[in-house]
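S.K.: sequence and predicted model, in that order:
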Amino acid sequence: MPETSRFVTFDSVLPRGRVSEEMFRLGSRTLGPLGNGQVRVKPAAFSVDPIQRTLFTGAEAMLPQYIPGAPIVGDAVGVVVESRNVAFPTGTTVTGRLEWADTAVWAGQNQELTVVDPDIAELSHALGVYGIVGLTAFYGITEVGQVREGETVLISAAAGAVGSIAGQIAKLRGATVIGLASTQTKRDTLTSKLGFDGALDYRAVDFAEQLQAAMPSGPDVYFDNVGGPVSQVVMRQMRRPGRIVDCGQISTYDDTETAWKVDITPIHLNGLRFEGLSPALFMQDWPRARQQLKTWVEAGQIVPQETRLHGLASLPAALVALFKGENVGKMIVTVGDGE
């Protein structure tokens with residue numbers, strides 16, 4: 001009897017508005033024979049990421065748009081169970097952009113598949129601290145932000161996947177680090193577990209005053225993961241000449257109103273440098289960065305944070321929860337174990 005596989009899909013594009021669990025459904029398909037160069041992977045864990053919201057819009061984005069009715073694709077780690085590709089024999093643990101499915105087919109076209117370091121302690125870390133998340137934090141602090149000893153660094157979405165690692169790297173470089181987070185639990189995590197020097201509630205009515213009190217001279221570096229009005233407040237208080245690392249704009253990805261536009265006046269008036277962060281620009285250096293991250297993690301100098309759900313059917317809920325800010329660290333969905 002032919003093998004079948006469940007997958008997560010959706011039925012119509014969503015140019016604007018909030019993602020909801022109701023827009024997703026589980027589909028099923030029969031698995032056919034592999035073509036030359038293809039591999040079949042049994043996922044163990046999926047990464048759920050803010051950028052995925054931009055792929056439901058039907059408009060041009062950094063990655064190919066999702067197709068209604070087809071499996072959603074995202075970063076995942078798993079084991080090759082069948083292969084017609086000599087680079088990835090059966091039994092190899094790999095990471096790459098894979099279908100949200102019980103069994104995913106990697107076609108090898110315009111996508112990377114990477115063999116996972118067998119020495120990493122947690123398989124999910126291939127999606128987090130050793131994946132694009134950790135690389136983004138690493139290059140944002142060391143190359144784009146160029147954080148130096150004695151400087152002050154402010155990080156938005158500091159309890160998120162990238163922000164939580166970026167703050168720890170900034171501390172390792174001798175900076176004073178303040179994080180922005182929405183709940184007291186998250187703020188306590190930043191200061192008690194991750195070594196941040198302080199944490200502020202960006203939703204507070206007096207947020208601007210709190211920021212002024214915490215950083216009287218303003219931050220030297222702002223590692224921005226959110227965009228929106230919060231970042232506007234920060235820009236007005238930055239030290240001259242400050243650096244803004246534009247990592248993401250999660251507050252605008254799921255916006256139900258007109259997209260928020262940045263007022264660049266503070267950038268001009270304060271002589272700020274605003275630079276987009278793309279870890280792909282440093283791809284040739286990734287092995288060195290991963291080794292440094294591994295050294296820090298194994299020494300206990302970086303403590304990766306994860307929020308985990310389990311089961312293929314939990315992927316939509318995980319994406320919705322991500323945009324509600326319910327995660328601490330990397331949002332991971334594990335699969336398998338007879339679900």
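M.R.: Good, I have the coordinates. Numbering: from 1, shown residues only.
S.K.: could you chop this structure up by domain?
M.R.: 4-128+305-334, 132-281 (the TED database).
S.K.: just checking, what packs against the strand or helix carrying Ala76?
M.R.: If you go by DSSP states H and E, Ala76 is part of strand 73-83. Contact partners of strand 73-83 among helices and strands, from 3 or more CB pairs under 8 Å, 6 or more residues apart in numbering; DSSP states H and E: strand 39-47, strand 93-99. Where C-beta positions appear, they are placed from N, C-alpha and C, glycine not excepted.
S.K.: looking at those strands, which is closest to Tyr222?
M.R.: Set against Tyr222 and scored by CB to CB, these come closest in strand 39-47, at 25.4 Å.
S.K.: the closest one pairs with which strands, parallel or anti?
M.R.: strand 73-83 (antiparallel), strand 104-106 (antiparallel), strand 330-334 (antiparallel) (DSSP bridges).
S.K.: about what we covered before: what residues does the strand holding Ala76 touch?
M.R.: Strand 73-83 is contacted from outside by 34, 38-49, 52, 64, 66, 88-100, 103-104, 116, 123-124, 126-127, 131-132, using CB atoms under 8 Å, 6 or more residues apart in numbering.
S.K.: in ChimeraX, select just the buried ones from these.
M.R.: Buried residues within those, by 16 or more other CB atoms under 10 Å, are selected in ChimeraX with:
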select :34,38,39,40,41,42,43,44,45,46,47,48,49,52,66,88,92,93,94,95,96,97,98,99,100,103,104,116,123,124,126,127,131,132
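S.K.: can you give me the helices in this structure?
M.R.: For the chain, helices defined by DSSP state H occupy the ranges 132-139, 161-172, 184-192, 207-214, 228-237, 250-253, 265-269, 286-298, 315-323.
S.K.: where among those is the average confidence lowest?
M.R.: Of all those, the minimum mean pLDDT falls on helix 250-253 (a mean of 61).
S.K.: and stretch 300-318, how far out from the chain middle?
M.R.: Put simply, stretch 300-318 sits 11 Å off its chain's centre (CA atoms, centre = their mean, to the nearest Å).
S.K.: please save the CA atoms from it in CSV.
M.R.: Output in CSV follows, covering the C-alpha atoms of stretch 300-318 (Å, rounded to 0.1, in the frame of the first residue of the first chain):
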residue,chain,number,x,y,z
GLY,A,300,27.7,28.3,29.5
GLN,A,301,28.3,31.8,28.3
ILE,A,302,25.3,31.7,26.0
VAL,A,303,22.1,30.1,27.3
PRO,A,304,19.7,29.3,24.4
GLN,A,305,16.0,29.8,25.2
GLU,A,306,13.2,27.8,23.5
THR,A,307,9.4,27.7,23.6
ARG,A,308,8.3,24.2,22.4
LEU,A,309,5.0,22.8,21.1
HIS,A,310,4.5,19.3,19.9
GLY,A,311,2.8,17.8,16.8
LEU,A,312,2.4,18.7,13.2
ALA,A,313,-1.1,20.1,13.8
SER,A,314,0.4,22.5,16.4
LEU,A,315,2.4,24.5,13.7
PRO,A,316,-0.4,27.0,13.0
ALA,A,317,-0.9,27.6,16.7
ALA,A,318,2.8,28.2,17.1
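S.K.: that older thread, distance to Gln168 and mean pLDDT added to the helices and strands packed on strand 73-83, as TSV?
M.R.: Below are those laid out as TSV (distance: least, CB to CB, whole Å; pLDDT from 0 to 100):
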stretch	distance to Gln168	mean pLDDT
strand 39-47	19	97
strand 93-99	22	95
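S.K.: can you tell me which of these is nearest to Thr334?
M.R.: Nearest to Thr334 among the helices and strands packed on strand 73-83 is strand 39-47 (4.9 Å), distances taken as CB to CB.
S.K.: give me the angle between that closest one and strand 93-99.
M.R.: 80 degrees (axes from the mean of the first three to the mean of the last three CA atoms, to 10 degrees).
S.K.: run through who's touching strand 39-47.
M.R.: Strand 39-47 has contacts (CB under 8 Å, 6+ apart) with 31, 34, 74-85, 88, 94, 98, 100-106, 108, 113, 123-124, 127-128, 131, 133, 315, 330-336.
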